[in-house]
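A.B. asks: okay, here's the prediction I keep looking at, along with the sequence it came from:
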Amino acid sequence: MLFRYQGHIAAAFVLGGVDSTGGSIYNIYPHGSTDRLPYATMGSGSLAAMAVFERDWKPDINLDEGMQVYLMTLARETMSTFVSSPRMGRTTFVLMKRLARRGRST
């Protein structure tokens, strides 16, 4: 695999967590830089997801509203990515169903 990519394999991801100061979300880029952001999205469908965040996110968002915004961003990102990455689309829909079921039971 390394030969096929000439020794260059990169990964970028979104990392989130909570500590004593509250929640934080970071974009971590392949070259090592990071951004601390109020919301984040990466990948081929990220522009569609970012449009939802920019429209619906607010600094004092509660957990229920946040989950709705998150599910909407997943749906938009998946729809824009589904043609080029159908496998990713199926995975995302399974995750969305599980999150939606979990949300109904609480």
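C.D. replies: All right, it came through fine. Residues are numbered from 1 along each chain as shown.
A.B. asks: how is the chain divided into domains?
C.D. replies: Using automatic domain parsing, the domain parsing of the chain gives 1-37, 43-105.
A.B. asks: lowest average confidence across these, which one?
C.D. replies: Ranked by mean pLDDT, the domains of the chain bottom out at domain 43-105, with a mean of 72.
A.B. asks: how about the spatially most central residue of the chain, nearest residue that isn't a chain neighbour?
C.D. replies: For the chain, the residue sitting closest to the mean C-alpha position, by Cα atoms, centre = their mean, is residue 41 at 4.7 Å. Leaving aside its sequence neighbours, residue 41 sits nearest to residue 49 (Cβ to Cβ, 6 or more residues apart in numbering; 4.1 Å). In short, each C-beta sits where N, CA and C put it, glycine included.
A.B. asks: about what we covered before: and the residue nearest to the centre of the chain, what does it touch?
C.D. replies: 14, 49-50, 53, 73, 77 (Cβ atoms under 8 Å, 6 or more residues apart in numbering).
A.B. asks: could you give the backbone dihedrals for it?
C.D. replies: Dihedral pair for residue 41: phi -150, psi 150, per degrees, to the nearest 10.
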